[in-house]
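>>> Build me a structure from this.
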Amino acid sequence: MHRFGLSLVLALVIANASCTSTSEEGAGPPDGRCTKCDLAQEQTAPNMCVGIRGNGQLIFAHFGALARIFESYGLVDGMAGGSSASITMFLTESVEINPAIYDCGDRSCDDREVGERAATLLKSLEGYVSVLGETDEAIAFRTVIPIAQRVKAEGIDALVDTDPLAARDALVNILSSDDLKDLVNQELLTLLRESPDPQMHAKDIIDSIANVADFKADSDKIFLRPGIIDFTALAGKLGRLGSFYAGYGPADYAGTVAFLDSCTRSGSAWSEISGRSVGESTCGERFADLLTSYRSDWQASPPSRSRIDDRVGGYVPALVSTSVISGATAQSWRNARDDYRAARPHSFTPNFDDVQFGYWGHPYDMHVLAKNKHQYNDAKTNKFLSLGSATWRTALSYSPAEPGLARALEIDDDLVSAGGWSDLHPTLVLRNLGCDKVVYITRAGDESGFAQGVARLLGMKDADATALYDLDQDSAFDLSLREADASWCTDWNNQQAFPTGPIVSDAYNATLATDDDYFNVGYANVSSSFSARGCTSKR
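Below you'll find the model as predicted:
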C-alpha cells in the first residue's frame, strides 16, 4: 500500500496486528512483522507534507519543529529534502511506523494522541545522543564534529604547518582509533599513507578537517578530496538508530508503550520530560534503559536486516534529493580526481548545464513527479532528474555527503553525486506529488552561501544564480516560498549545534507563517502577518 492519509490507516495497527506486508521487496521490517496493513479508510483531512531545508550539524532544529507539528497537526503524510534533511526524514518515517505510538492500551490511540506520542519519540533524540555518548552511532549521528574537535584539541591543525608528516601520523592514529575506525573513510587513510606527495595531501586534508564545520565552498578540491567519513558506513550506523525508533529487531514493545503512556506530555521539552518521576524512576531513566537494553541485545545477536534497508517512500512518501553531474562535466571531474590523487596539478572544467537535481523515491512517486502536474517552468524544476527507487542505505550514502564532507561520489558509470545542497526548499516537488498542504521547515535568510558557492564551483553563472536564488526576482526560491501553505520559520542560523537544548527550543517555538485557516487550530504561534526574508515571499 502506498497512499496519503497514512496516519489514519496506521492508527488501526497495534503491536499484535496479524497481517501480511504488502511492501515491495526490501521495504519490509527485518523480522517479517508488519507494521502497516492494507486497510482502506476514508481520508477525512487534507494530507499534510513537509519540505525540510537541510542544515548540516544543526539537524536537531528539525526534530524540534517536527515534534511541534506532530503535536499540533498530527503525523505528516509526505516529506522532501536533502543533505541532513534526508537523515531527518529517515528518522521521522521510523517514528511514524513504530506500532507503539498507535497503542493506547485497550484501544487504538486517536490522531491527537498518535501525534503527541510520535513527538515524544522525536524529542527523545536529545536523550539518545546523551545516553550513548561516544558510542559509534552517536558519533555517526553528529558526523564529523567530534573528529574535528579532536584534531584541534591535539594541535594537529597547528602542527601541519611546521611538521606535516608528524601531523599526518597523528591524524592517522586518531582516525584508526577503535571508536572511529568503522566510520572513517578508508580511501582517505590510504591516501594519507601512500600519497606520492604526503606533505601536500596531509596539509590539504588536515586543513579541511579543521574547518569542516564551516561548510566553505572556496575551492574545487572539495569535489576531489576524500572526506573523513565513509557515508555508507554512517548509513549503517544510522540504521541501528532508525531500527530502534521504528521498533524493529530486539525492541521492547511493551516497555516502549509504557514509556509513552507515562511520559508523553504535549508542550514539554525533553529536559522536562526526562526529569518527570514515574514510580521510583524518571522518564529519562526509563528511556535510557530501553535504549541500552536494545543496543546490548542488538550487539549480542544482530538482526538479519536493518531499517536502513527499507526503501525510500516504502511507508511514507519521501523524496530525497542530491545534486548530480553527468556528461563532459563528470568526465572532467574524473580526470581532475585522478590528478589530485597523483598530486599533479588538476583542471576541473564544469558546465552548469550538466548539473541536475536528482531525487530518489517510490517508483510511483517518481512517475508522478515526471509529469510536472503544476507545469512549473522555474530553473530548479527544469533540472529535475529521477534517480528512481533506492534503499535508505543508498540515499543516505549520497545526499548527506556534501562537498567538503566527502568528495563527489559515483552513482553509476555515468552519474556523479555532489551532495544534497541542490533543493533546500523542496515545496515544488511536494506540490507535484499531490500534497494538499505543504509546510516548509526553514530559517530566516537568503539562500545558503554554501549552496551557492558549490553551484558556482560547478559552473553556475550570474543569470543562473538569479533564476535559482534571487528573492527579489521571480526565482525558483521565491516560487518555492509562494507555493508553501505555511513556513515554519526558525532562527537556527543563530544557534549552536551543541548543546542541543537551545536550538531545539528555538525550532519548537518558532513562528508558523501562514494565512491558511487550516493551521489556525492546534498551535498558538501562528501568524498571517509575519514576514521574514527566506521564510515568506514579498511577491
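
>>> Pull up the pairing partners for the helix or strand in which Tyr359 is found, direction included.
With elements taken from DSSP states H and E, the one containing Tyr359 is strand 355-360. For strand 355-360, the paired strands and their directions (DSSP bridges) read strand 318-325 (antiparallel), strand 384-388 (parallel).

>>> Show me which residues of that strand are buried.
If you call a residue buried by 16 or more other CB atoms under 10 Å, then strand 355-360 has these buried ones: Val355, Gln356, Phe357, Gly358, Tyr359, Trp360. All C-beta spots, glycine's among them, are computed from the backbone N, C-alpha and C.

>>> Then stretch 517-530?
Residues of stretch 517-530 classed as buried under the neighbour-count rule (16+ other CB under 10 Å) are Phe519, Gly522, Tyr523, Val526, Phe530.

>>> Adding pLDDT, write those out as CSV.
Putting these into CSV (pLDDT from 0 to 100) gives the following:
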residue, pLDDT
Phe519, 96
Gly522, 87
Tyr523, 96
Val526, 98
Phe530, 97
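
>>> ok, the residue sitting furthest away from the middle of the chain to Gly155 distance?
Residue distances from the centre of the chain (CA atoms, centre = their mean) peak at Thr162, which lies 38.5 Å from the mean C-alpha position. From Thr162 over to Gly155 the distance is 10 Å, taken as CB to CB, to the nearest Å.

>>> Double-check that Cys49 belongs to a helix.
No. Cys49: not assigned to a helix; according to DSSP: H, G, I helix; E, B strand; the rest coil it is strand.

>>> Can you show me the helices along the stretch 201-350 of the chain?
Assigned by DSSP state H, counting those that start in this stretch, the helices in the stretch 201-350 of the chain fall at 231-246, 253-263, 270-274, 283-300, 327-341.

>>> Convert the C-alpha atoms of the fourth one to CSV, please.
When you say that, I think you mean helix 283-300. Listed in CSV are the C-alpha atoms of helix 283-300, where the atom choice follows Å, rounded to 0.1, in the frame of the first residue of the first chain:
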residue,chain,number,x,y,z
CYS,A,283,11.2,9.2,32.2
GLY,A,284,14.8,9.8,31.3
GLU,A,285,15.9,6.7,33.1
ARG,A,286,13.2,4.6,31.5
PHE,A,287,14.3,5.8,28.1
ALA,A,288,17.9,5.1,28.9
ASP,A,289,17.0,1.6,30.0
LEU,A,290,15.1,0.9,26.8
LEU,A,291,18.0,2.2,24.7
THR,A,292,20.9,0.5,26.4
SER,A,293,19.0,-2.8,26.5
TYR,A,294,18.2,-2.5,22.8
ARG,A,295,21.8,-1.8,21.9
SER,A,296,23.1,-4.6,24.1
ASP,A,297,20.6,-7.1,22.6
TRP,A,298,21.5,-5.9,19.0
GLN,A,299,25.2,-6.4,19.6
ALA,A,300,24.7,-9.8,21.2
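
>>> So which bits of that helix are buried?
Judged by neighbour count using 16+ other CB under 10 Å, the buried positions of helix 283-300 are Cys283, Gly284, Arg286, Phe287, Ala288, Leu290, Leu291, Tyr294, Arg295, Trp298.

>>> hmm, back to that, looking at the helices of the stretch 201-350 of the chain, which one is packed in the most?
Highest mean neighbour count among those (mean count of other CB atoms under 10 Å): helix 231-246, with a mean of 24.

>>> picking up where we left off before, which one of the strands paired with strand 355-360 lies closest to Ile101?
Of all the strands paired with strand 355-360, strand 318-325 sits nearest to Ile101, with 18.1 Å by CB to CB.

>>> and the angle for that closest one with helix 327-341?
Interaxial angle of strand 318-325 relative to helix 327-341 (axes from the mean of the first three to the mean of the last three CA atoms, to 10 degrees): 80 degrees.

>>> and strand 318-325, C-alpha only, in CSV?
Taking only C-alpha atoms (Å, rounded to 0.1, in the frame of the first residue of the first chain), the coordinates of strand 318-325 have been written out as CSV:
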residue,chain,number,x,y,z
ALA,A,318,9.5,10.7,0.7
LEU,A,319,11.7,12.4,-1.8
VAL,A,320,15.5,12.5,-1.1
SER,A,321,17.4,15.0,-3.2
THR,A,322,21.0,15.2,-4.3
SER,A,323,22.9,17.1,-7.0
VAL,A,324,24.0,15.1,-10.0
ILE,A,325,26.7,15.8,-12.6
